[in-house]
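Fold the stuff below for me.
(one chain, ligands or ions: 1)
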Amino acid sequence: MSAKIIDGNALAKQVRSEIATRTSALVAKGIKPGLAVLLVGEDPASQVYVRNKVKACEDVGMFSILERHSADLTEANLLKRIDELNKDPQIHGILVQLPLPKHIDSHRVIEAIAPEKDVDGFHVANAGALMIGAPLFRPCTPYGCMKMLESIDYPIRGARAVVIGASNIVGKPMAMLLLQAGATVTICNSKTKDLTAHTKEADILLVATGKPKMVTADMVKPGAVVIDVGINRLPDGKLCGDVDFDSVKEIAGAITPVPGGVGPMTITMLLLNTLEAAERI
Ligand code: GUN
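Numbering: from 1, shown residues only. Next up is the predicted model:
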């Protein structure tokens, strides 16, 4: 039997419409949620991401600024700009697009963002708050994945969840959110021995490795929910995920496609985090 396809575009549209309603209520009270997006350098993929983020803000009635800085911007000048934005009452969320050029220490930059404006949820204060189960901002991609599980009413409590990938942006916060929701969580990484032994046990399998189609049908428990965070470009120009969608959809109970799965949800949750930052004012 073929898996239920979790449609990220449809879910994103629904959540963005709720965000638009809450945004206009806030605007009516004189507060327009504002997001500042900072891009340093000319990485082509990052240029597309930041443009989409700013456009999404406009679509739900938020204020946004996109600042493009040349690749030779000094770390000191970037920190100075962040400090100004931290103090700017029109700005409720600050996002510095990663990766940054090598001469800039991204950890230092993230730590310079005021935690209450850190809509990416990457600041150590926000990572720590998530870890103790009291999150202020949930990192956008994991937050979007949780919304997708919620959208199919998946009973997370007591389920076995396996996360492949242990990044600070996706794998680790994802594991924390699943744990908080009552799952028994295993985090696998590139050194994990006998990966299939782990993945075969998963009721929820979340894949964030950056390796095209690495999860194949033989690695998946029949009926599992498979969430694919990967976005990879194949030599023929087509996009694909970290999961071999065509074979896995025949085994899984539910699966997210690429494109049209987790991707649209990530930006949606950025909007939600920005809205919530403004609502806290
Ligand atoms: N680069 C890739 N993903 C992200 C993200 O979620 N936030 C930021 N700031 N940069 C990224």
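
CA atoms for contacts and neighbours, from now on please.
Noted.

Strands of the stretch 101-250 of the chain, start to end?
160-164, 184-188, 204-207, 225-228, 232-233, 239-240 (DSSP state E, counting those that start in this stretch).

Tell me the spatial nearest neighbour of the residue nearest the centre of the chain, not counting adjacent residues.
Averaging the C-alpha coordinates of the chain gives a centre point, and the residue nearest to it by C-alpha atoms, centre = their mean is T141 (1.5 Å). Nearest non-adjacent residue to T141, counting by C-alpha to C-alpha, 6 or more residues apart in numbering: T266, 4.6 Å away.

can you pull the buried residues of the host helix or strand of the one you found?
Per DSSP states H and E, T266 falls inside helix 262-279. Buried positions in helix 262-279, judged by neighbour count with 16 or more other C-alpha atoms under 10 Å: 262-278.

does any part of it sit near the ligand?
No. On the criterion C-alpha under 6 Å from any ligand atom, helix 262-279 is out of touch with the ligand, staying 7.3 Å away.

what residues does that helix touch?
Contacts to helix 262-279, defined as C-alpha atoms under 8 Å, 6 or more residues apart in numbering, come from residues 8-9, 11-12, 15-16, 19, 22-23, 26, 31-35, 52-53, 56-57, 92-93, 116-117, 119-120, 137-138, 140-145, 227-229, 256.

mind listing what E116 touches?
If a contact means C-alpha under 8 Å, 6+ apart, then E116 has G93, L136, A277 as its contacts.

ok, now with 7 Å
Applying C-alpha atoms under 7 Å, 6 or more residues apart in numbering to E116 gives the contacts A277.

From M214, how far out is T256?
Using C-alpha to C-alpha, to the nearest Å, one gets 15 Å for the distance from T256 to M214.

So between these two, which is more surrounded?
Between T256 and M214, counting by other C-alpha atoms under 10 Å, T256 is the more crowded of the two (27 against 14).

Selection in PyMOL covering whichever of the contacts of helix 262-279 are buried, please.
In PyMOL, this line selects whichever of the contacts of helix 262-279 come out buried by 16+ other C-alpha under 10 Å:
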select buried, resi 8+9+11+12+15+16+19+22+23+26+31+32+33+34+35+53+56+57+92+93+116+117+119+120+137+138+140+141+142+143+144+145+227+228+229+256
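
My guess is A208 contacts V229. True?
Yes. A208 is in contact with V229 according to C-alpha atoms under 7 Å; the separation is 5.0 Å.

re earlier: near the ligand, from the contacts of helix 262-279?
Among those, the residues within reach of the ligand (C-alpha under 6 Å from any ligand atom) are D120.

Stretch 95-111 and the ligand in contact?
Yes. Contact of stretch 95-111 with the ligand (C-alpha under 6 Å from any ligand atom) involves L95, V96, Q97, L98.

just stretch 202-212 next, same as before
No. Using C-alpha under 6 Å from any ligand atom, stretch 202-212 stays clear of the ligand, coming no nearer than 11.7 Å.

Please report how far T23 lies from L275.
Applying C-alpha to C-alpha, the value for T23 to L275 is 7 Å.

Alright, calling it a day.
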